[in-house]
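[1] Below are the sequence and a predicted model; questions follow.
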Amino acid sequence: MKGRFYIQGTAAISPQESFSGTFTPQLARLEDRNLLRVKEPDYRDFIAPNSLRRMSRVLKMGLTTALKCLQNSNVAVPDAIITGTGKGSLHDTERFLHDIRQYKETALNPTPFIQSTYNSVNGLIALQTRCTQYNNTFVHRGFSFEHALLDSMMQLNEGAAKHVLAGAFEEISDEHFYIKSRIGFWKEQLTQPADMLTSGTPGTISGEGSAFFVLSTAPSDVHIAGLKMLYKPTQEQVSTALGNFLREHQLQPEDIGLLITGRNGDVNFDFYYQELIAQYFPQTPELPFKQLCGEYDTASAFALWLAVERMRAGGPEHVLIYNQFFGEQHSFVLLGR
Amino acid sequence: MAERVFITGMGMISAIGSNVKENLRSLRLQRSGIGHTRHIDTIHKNVLPVAEVPQSNAELAALAGVNAGGGYTRTALLGLVAMREALAYAGIENAASMPAAFINASTVGGMCDTEKVYFDIIDPQKEGTFLQSIDTLDCADCTQRIADAVGIHEYVTTISTACSSSANALMYGARMIRQGLVQRAVCGGTEALTRFTMNGFNSLKNIDKQACRPFDQHRNGLNLGEGAAYLVLESESLVRESGAEVLAELSGWCNTNEAFHPTSPSPEGDGAYEAMKNALAMSGRSIDDVQYINVHGTATLNNDASEGKALERLFGARVPKFSSTKPFTGHTLAAAGAIEAIFAVLAINAQVIFPNLNFSEKMEELNVVPETKLLEEYPVENVISNSFGFGGNNASLVISKYEAGMFEKIVKHTGE
C-alpha cells in the first residue's frame, strides 16, 4: 500500500525494561523453564484500583500500554483503536473452562467469560479514552499485529482517522506453556536466551508482551513505508517476495542498514532467515529480537517497538523487519526515517 | 476513484438449512431452527434452547467434501460448507486462480472440540490422538483450514469483535478492495455452539428458556445458535471484466464503539445510531431509501431497547419495516453479521421481508413494532443490517439492489 505512516509515539511492556526510562537490551537468565515473562509496571498509575482487581494480567498489560502510548504521543483520544492478539486473555479462558468443570456449570461468575472475549482489551481502551469511533481486533496468530497495522494504514489512507492507536498484546500462562510443550513448541532442555540461536535444537523460548503505536500522516522521525504478508510460502516465494518488496520501494538490499529478524533458534524454521540473509543481506547487520522477548503470536509488535527505538537513537535510514511464526505467517515491515 | 464493491456469491449453513436455498425456504415457511442440542454435553441440554445445525461432524465433513478424520473442528467444517457454496455461487471453480483475500470471523475458534478434551490435554498422565487438536483452539485454525482447503493464500486473517465479528470481516474485505489490495475477498464468519459460550451467556443471565422474543415487551434474553456464512465481494472492475452476475452491492458500512460498558449498550443507542447513520451516508442513500432493517435484535433487555431507540432517533416517525431473524437461526455470534447480510441480499433479490417471530406486545420504551408477517413482493432496494457486540462494538452494513444494465449505461455514457 502506498503512503507513509508516521509513528507519533510508542509504548511497550516486555520481558525487557521497556516501559519507562532508557532502554538497554538485556539477555535474561532463565531459572527453570524456557519462558520469558514481562516486567510488569505499576498498573495503579493507569487503572483505578477497583477495576484493577477484576482484570487479568493481559487486560492490565494491554490497557496500560495503550494509555501510556497515547500519553507518549500527546494524543488524548485516538480516532481508531485497532489491535491484534493471537490468544487474547488466556487466563480468563482457562479460568472459565476450569470454573465450568469445578462448579458443574452452575452459579458461574461471568467476569472471566466476558474478559475472555478477544476484543475485551479494545473495549476497555475505548471506554477509558471515550473513543467512540472505529474499533477492531485481529486474531490470526503471526498475522494478528500485521493486520492491525494494515487496517491502521487503510484508515489513514481513507482519511477516516488522523491518529490511529494500533497495538498488540499476548500473555503466556503456565497451563498454556505446558500445553504447547506437548506439541514441541518450546525447547526441551533449559536454554538461555544467550544460547537460543546457536542451540541447534527444535523449539524455542516462550515469551509475551504488549506494544502500542500511534500512527498518523503527520510527519515524525520514523515511518512505516511498507508491509507485506505471506501465508505458508515456500522458501523461494519468500525470496521472490522480498525482491519485489524492495523494488516496489525503490530500494537495493544494501540500502537496508539494519535487518531485524524473528530468528528464534528453532531448527525447524530458522532456515528461512538463513537463506534470506545469505541471498540478500550477507553484509547487513542483523538484530534477532526474540532473544529479548521470546516467541509469541504478536512478537513482531515488540520488533517494531525495538526498531523505532533504534532509529530514534540515530540508527540507519532504512530498517527491515522480517518475522515468521512457526513457518506459517511471514511478514516484512519496512521502516524509514 | 474508489471501487464499488459487489456481492457476487454467497454460501451459508445454519439451523434452518445447509445452504442459501434451504435457508430462504425456511424463512418463507416461518420455520424456526430453535430446539435443544443433540451435540453438546451440558446440564443445560434440555433447559436452554439453541439453534443447532442438525448435522453431526461426520455429516458436515461429507458436506464439506473432506475426510472426517482430518482434524477439522466443527467450526472449520461449518465454515468450509459455507465457503464451498459461496465460491460455487460466484462461479469460481478455482479460488487459487487469482490473488484473493479470505477474511474470517470467529469468537471462540475451535472451542467446540477442544473443550471436550481440554482436561486430558493438561493432564501429563494422558496421551492420545486428542493431542493433535491442541492447536485448534485459537481463531486462526478454522480460518487456515478453510483457506487451505480451497486454496486462498494472498490475505488470510481472522477478526474477533464479539457479535459484530463477521460484519467487520465484510467491511475489512470491502475496504481492501477499495484500496486496490485485492479485487476479490471472501468474507464472513463461522461459529459452533460450545458449552463455553452457553455457560458464558447463561452466567450473564441473558439466555431465554423459551424461544427468544426480539423487540417484545416480554423478551427475556437470547438463544444461541451456530452456523457459518460467507459472501464473495468483487471490485467493480473485476465484475466488468469477468461479467460475473452481481447479486447486490455492499454500498455502505460503519464501525463504531459505544465506550459505555463492557457488555451493555448505552440506553439511547449512541453507537448503533452513529453506525447506521454513517453507513447510510456512505452509501449515498437517505433514510427514505431504506425499505428494510435486519436488526441485531438479540431479544436481550438492553439490546432491543437501545437499538430501538437508535432506530427512532435516526428515522423519526418513518422507521422502515424491521425484523430480527434471530428467532430463526438463534444468535450465531461471530457468524451472525454474515448470515444476516445474506438475508439482506435475499430480501432484495426475492423482494421479501422476513417476519420477526414470537412477537406479541409492543415494548413500553418504543413507539415502533417489528414486522411480524412475511411480506412477499415487497419492493426492497436498500437494507441496513446491524450487528452489535460486547466490548461496545457496533457494525452496520448497507446492502443495495444492483441495477441490471448499469454497466451498459456506463459504457454508453463514457465510451469506455
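    Received it, and whenever you're ready, just let me know what you need.
[2] Look up the closest residue to the residue of chain A found nearest chain B, ignoring the ones flanking it.
    Using C-beta to the nearest C-beta, the closest approach of chain A to chain B is made by residue A:123 at 2.9 Å. Any C-beta I mention is one placed from the backbone N, CA and C, and that applies to glycine too. Closest residue to residue A:123 in three dimensions, ignoring its sequence neighbours and counting by C-beta to C-beta, 6 or more residues apart in numbering or on different chains: residue B:391, at 2.9 Å.
[3] Who are the contact partners of the residue of chain A closest to chain B?
    Counting by C-beta atoms under 8 Å, 6 or more residues apart in numbering or on different chains, residue A:123 makes contact with A:135, B:257, B:262, B:390, B:391, B:392, B:393.
[4] Quickly note the distance from it to residue B:389.
    Remark: distance between residue A:123 and residue B:389 (C-beta to C-beta, to the nearest Å) = 9 Å.
[5] these two touch, right, the residue nearest to residue A:123 and residue B:165?
    No: in this structure, residue B:391 sits apart from residue B:165 without contact. The criterion is C-beta atoms under 8 Å, and the distance is 10.7 Å.
[6] So which of the two has more stuff around it?
    Set residue B:391 next to residue B:165 and count neighbours by other C-beta atoms under 10 Å in any protein chain shown: residue B:165 wins out with 35 against 29.
[7] The more buried one touches residue B:390, doesn't it?
    No: under the criterion of C-beta under 8 Å, residue B:165 is not in contact with residue B:390, lying 10.4 Å apart.
[8] any bit of stretch B:75-93 sitting next to chain A?
    No: Stretch B:75-93 stays clear of chain A (C-beta under 8 Å from any C-beta of the partner chain), getting no nearer than 12.9 Å.
[9] quick one: average pLDDT of that stretch?
    Averaging the model's pLDDT scores along stretch B:75-93 yields 98.
[10] If we go by neighbour counts, what in it is buried?
    Along stretch B:75-93, the positions that meet the burial threshold by neighbour count (16 or more other C-beta atoms under 10 Å in any protein chain shown) are B:75-87, B:89-90, B:92.
[11] I'd like the list of these that fall within strands, please.
    Secondary structure of those is defined by DSSP state E; no position falls in strands.
[12] so which of these comes closest to chain A?
    Looking at those and their distance to chain A, the nearest is residue B:75, at 12.9 Å (C-beta to the nearest C-beta).
[13] out of everything not next to it in sequence, what's closest to residue A:137?
    residue A:119 (4.2 Å).
[14] Phi and psi next, for that neighbour.
    Comment: the main-chain dihedrals of residue A:119 come out as phi -100, psi 10, following degrees, to the nearest 10.
[15] how about it, what does it touch?
    In this structure, residue A:119 makes contact with A:135, A:137, B:160, B:161, B:162, B:389, B:390, B:391, B:393, judged by C-beta under 8 Å, 6+ apart.
[16] With residue B:166 instead?
    If a contact means C-beta under 8 Å, 6+ apart, then residue B:166 has B:105, B:159, B:187-189, B:229, B:334-339, B:341, B:387 as its contacts.
[17] With neighbour count and distance to residue B:121 added, can I get those residues in a markdown table?
    Formatted as a markdown table, the contacts of residue B:166 follow (neighbours: other C-beta atoms under 10 Å in any protein chain shown; distance: C-beta to C-beta, whole Å):
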| residue | neighbour count | distance to residue B:121 |
| --- | --- | --- |
| B:105 | 37 | 25 |
| B:159 | 33 | 26 |
| B:187 | 32 | 32 |
| B:188 | 34 | 29 |
| B:189 | 40 | 26 |
| B:229 | 36 | 30 |
| B:334 | 35 | 23 |
| B:335 | 35 | 26 |
| B:336 | 34 | 29 |
| B:337 | 34 | 31 |
| B:338 | 35 | 31 |
| B:339 | 32 | 31 |
| B:341 | 30 | 36 |
| B:387 | 32 | 33 |
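[18] Can you narrow these down to the ones near chain A?
    When C-beta under 8 Å from any C-beta is applied, the members of those adjacent to chain A are residue B:159.
[19] Among the contacts of residue B:166, which one sits closest to residue A:87?
    Distance from residue A:87 was checked for each of the contacts of residue B:166 by C-beta to C-beta. The minimum falls on residue B:159, at 15.2 Å.
[20] Might one say that the closest one is in contact with residue B:167?
    No: the criterion here is C-beta under 8 Å, and residue B:159 misses it with residue B:167 at 9.4 Å.
[21] Now residue 134. Nearest residue, chain neighbours left out?
    Answering for chain A, as no chain was given. Beyond its immediate neighbours in the sequence, the residue positioned closest to residue A:134 (C-beta to C-beta, 6+ apart) is residue A:80, lying 3.9 Å away.
[22] ah, no, chain B please
    Ranked by C-beta to C-beta, 6+ apart and with sequence neighbours excluded, the top spatial neighbour of residue B:134 is residue A:183, at 5.2 Å.
[23] Pull the contacting residues for that neighbour.
    Contacts of residue A:183 (C-beta under 8 Å, 6+ apart): B:131, B:134, B:135.
[24] Buried subset of these as a ChimeraX selection?
    Selection of buried members from these for ChimeraX, criterion 16+ other C-beta under 10 Å:
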select /B:134,135
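[25] Format the contacts of residue A:183 as JSON lines; extra columns: distance to residue B:323 and pLDDT.
    Shown next, in JSON lines, are the contacts of residue A:183 (distance: C-beta to C-beta, whole Å; pLDDT from 0 to 100):
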{"residue": "B:131", "distance to residue B:323": "46", "pLDDT": "90"}
{"residue": "B:134", "distance to residue B:323": "42", "pLDDT": "90"}
{"residue": "B:135", "distance to residue B:323": "40", "pLDDT": "92"}
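[26] Which single one of the contacts of residue A:183 is nearest to residue B:306?
    Using C-beta to C-beta, the shortest approach to residue B:306 within those belongs to residue B:135, at 38.6 Å.
[27] now stretch B:353-365: mean pLDDT?
    When the per-residue pLDDT values of stretch B:353-365 are averaged, the result is 98.
[28] Quick check: buried residues in it?
    Under 16+ other C-beta under 10 Å, the buried positions of stretch B:353-365 are B:353, B:354, B:355, B:356, B:357, B:358, B:359, B:363.
[29] for the third one, what are its contacts?
    In other words, residue B:355. With contacts defined as C-beta under 8 Å, 6+ apart, residue B:355 is in contact with B:30, B:323, B:371, B:372, B:373, B:374.
[30] pretty sure residue A:319 is touching residue A:261, no?
    No: counting by C-beta under 8 Å, residue A:319 stays clear of residue A:261, with 11.3 Å between them.
[31] any idea which residue of chain B is furthest from its center?
    If you look at how far each residue of chain B sits from its centre, by C-alpha atoms, centre = their mean, the farthest one is residue B:125, at 41.2 Å.
[32] From residue A:32, how far off is that residue?
    Between residue B:125 and residue A:32 the distance is 21 Å, computed by C-beta to C-beta.
[33] same thing with residue B:209?
    According to C-beta to C-beta, residue B:209 and residue A:32 sit 49 Å apart.
[34] higher neighbour count, these two?
    Counted by other C-beta under 10 Å, residue B:209 and residue A:32 do not tie: residue B:209 has more neighbours, with 11 against 6.
[35] got the contact list for the more buried one?
    Neighbours of residue B:209 in contact, by C-beta under 8 Å, 6+ apart: B:47, B:48, B:49, B:220.
[36] Wait, the third one touches residue B:35, no?
    Same thing as residue B:49. Yes: using C-beta under 8 Å, residue B:49 and residue B:35 qualify as a contacting pair, with a distance of 6.4 Å.
[37] residue contacts, residue 304?
    Since you didn't name a chain, this refers to chain A. Listed by C-beta under 8 Å, 6+ apart, the contact partners of residue A:304 are A:145, A:149, A:211, A:213, A:321, A:333, A:335.
[38] if you could check chain B rather than the one you did, that'd help
    For residue B:304, the contacting residues are B:214, B:215, B:219, B:297, B:298, B:363, by C-beta under 8 Å, 6+ apart.
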